[in-house]
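Participant: Fold the following, please.
(one chain, ligands or ions: 3)
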Amino acid sequence: MFGYLKQDITKIQKKLSKKLSESRYQHSLGVAYTAASLAMRYEADMEKALLAGMLHDCAKYMTPDEMLKMALNKKIEISEVERMKPDLLHAKLGSYFAIKKYHVKDKEINEAIICHTTGKPDMTLLEKIIYVADYIEPSRYKMPRLKELRKMAFVDIDKCLIMILEDTVKYLEESGLYIDDNTKKTYDFYKK
Ligand code: DGI
Ligand code: FE
Ligand code: FE
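Facilitator: Residues are numbered from 1 along each chain as shown. Ligands and ions are numbered 1, 2, ... in the order given. Predicted coordinates for the structure are as follows:
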């Protein structure tokens, strides 16, 4: 049992480790503990940060085809870019599984899982923490200026968020990938 949320974190971890690949599971642990550390730094709810971080990619074991089918089946709203790149749906489906399979029904946690890939305008502190932790957790290594971002996360989370958004949009543009409406809206909101 784990703290005031009364969630059995050991049980959740065990279940998750059976679903995800070893590297995806290690990434999830990394996000969970990075998010918990950021929550300590910014006086956010540490338990919610840990749980949201742990579960944020819990749908990532599915193939894009399966994700699209399931989202249609469960009447989950699908954006134009999500239809073309259904892998993005792992965020919305992750929130669905958090509720249905892991019995985590906290609205703030579910919202943080939903927006962890694209972000959204005017994010809550918990949402920012999950978005940032997903990018900087210890096993990440491919993105540019990670050292700078990791430090900035603990100095000024808003500044760090903007830097990640800039890098993400730049990466998507350079790779010729479609930018989701939510990514665009988030970028425009925080650029000002
Ligand atoms: O699930 P993770 O790999 O841990 O990380 P994530 O949920 O942030 O997903 C990252 C991937 O999502 C990365 O390859 C970039 C992609 N992505 C994020 N926003 C957009 C996007 N891809 C497209 N096509 N459009 C977006 O707006
Ligand atoms: Fe993800
Ligand atoms: Fe992730």
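Participant: Okay, now the unreliable bits of the protein?
Facilitator: By pLDDT under 70, the low-scoring segments of the chain are 1.
Participant: what does this protein put close to ligand 3?
Facilitator: Residues of the chain lying close to ligand 3 by C-beta under 5 Å from the ion are 57, 134. Where you see a C-beta, it was placed from the backbone N, CA and C, and this is true even at glycine.
Participant: Kindly list the longest helix within the chain.
Facilitator: In the chain, with assignment by DSSP state H, the single longest helix is helix 22-42.
Participant: What is it packed up against?
Facilitator: Where contact means 3 or more C-beta pairs under 8 Å, 6 or more residues apart in numbering; DSSP states H and E, helix 22-42 is packed against helix 9-19, helix 46-55, helix 125-136, helix 146-155.
Participant: And those helices: which comes nearest residue 113?
Facilitator: helix 46-55 (5.9 Å; C-beta to C-beta).
Participant: Not counting its own residues, what contacts that closest one?
Facilitator: Contacts to helix 46-55, defined as C-beta atoms under 8 Å, 6 or more residues apart in numbering, come from residues 2-5, 7, 9, 12-13, 16, 28-29, 31-36, 38-40, 94, 97-98, 102, 104, 106, 108-109, 112-113, 126, 129-130, 133-134.
Participant: Please report the distance of the residue nearest the centre of the chain from residue 4.
Facilitator: Taking C-alpha atoms, centre = their mean, the centroid of the chain lies closest to residue 116, which sits 3.0 Å from it. Separation of residue 116 from residue 4 (C-beta to C-beta, to the nearest Å): 23 Å.
Participant: what do you get for residue 66?
Facilitator: For residue 66, the distance to residue 4 (C-beta to C-beta) stands at 35 Å.
Participant: For those two, work out which one has more neighbours and name it.
Facilitator: More crowded of residue 66 and residue 4, by other C-beta atoms under 10 Å: residue 66, with 14 against 8.
Participant: name the element the more buried one belongs to?
Facilitator: Residue 66 belongs to helix 64-73 when elements are defined using DSSP states H and E.
Participant: For the helix or strand that that helix is followed by, buried residues please.
Facilitator: Next in sequence after helix 64-73, counting helices and strands by DSSP H and E, comes helix 80-84. Residues of helix 80-84 classed as buried by neighbour count (16 or more other C-beta atoms under 10 Å): 81, 82.
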